[in-house]
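Asks: Return a 3D structure for these sequence lines:
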Amino acid sequence: MSEQPPRRVRVVSPRSRAVRTSGSRAVSRDIGEQTIVGEVYMASLVRIQLRLAIGVLLILTVLLGGLPLLFLAEPDLVEVLVFGLPLPWLLLGVVVHPVLVAAALFYVRRAERNEADFAELVENS
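Replies: Purely as a prediction, here's the structure:
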């Protein structure tokens, strides 16, 4: 008789019906465990938030720091009266506050948007 080759046997894991996870680790897990990938993600968030803070600070510095310089460069502006108040008092004592509130609102909204974008990136990765 002719000899037949051995019959093939399929070996499977007892967990073959278990839910398979993707080969890549979740970004949130990398962040939680402080892996190198997680540190890169967190560093990018910190860098974006720092860039936003420095940008807002520079704009406020130029706007608010420029006013006294403007009054030094143009001394005639110190004598201008608006609604019975000297222009420097009006600008530095009244107008500054709404500018600061607007800058703060802009900063908070943009920072929250950055964090939401980051959270979405983490969830989708």
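Asks: quick one: the strands in this protein?
Replies: 81-82, 85-86 (DSSP state E).
Asks: Tell me the buried residues in stretch 85-96?
Replies: Within stretch 85-96, the residues that qualify as buried are 86-88, 90-91, counting by 16 or more other C-beta atoms under 10 Å. C-beta: built from backbone N, CA, C; applies to glycine.
Asks: So what touches that stretch?
Replies: Defining contact as C-beta atoms under 8 Å, 6 or more residues apart in numbering, one finds that stretch 85-96 is touched by 64, 67-68, 71, 77-83.
Asks: hmm, back to that, select from the buried residues of stretch 85-96 every entry located in helices.
Replies: 87-88, 90 (DSSP state H).
Asks: and which of the contacts of stretch 85-96 is nearest to residue 123?
Replies: Nearest to residue 123 among these, counting by C-beta to C-beta, is residue 64 at 39.2 Å.
Asks: what about burial for the contacts of stretch 85-96, which qualify?
Replies: 64, 67, 71.
Asks: how close does the last one get to residue 96?
Replies: Okay, so that is residue 71. Applying C-beta to C-beta, to the nearest Å, the value for residue 71 to residue 96 is 14 Å.
Asks: for the protein, which spans come out with low pLDDT?
Replies: 1-2, 12-27, 30 (pLDDT under 70).
Asks: repeat that for 80
Replies: Along the chain, segments meeting pLDDT under 80 span 1-3, 9-35, 37-38, 124-125.
Asks: Go ahead and flag the most central residue of it.
Replies: Central residue of the chain (C-alpha atoms, centre = their mean): residue 114, 3.4 Å from the mean position.
Asks: and the closest residue to that residue other than its chain neighbours, how many neighbours?
Replies: Nearest residue to residue 114 in three dimensions, chain neighbours excluded: residue 48, at 5.2 Å (C-beta to C-beta, 6 or more residues apart in numbering). Residue 48 has 16 neighbours, counted by other C-beta atoms under 10 Å.
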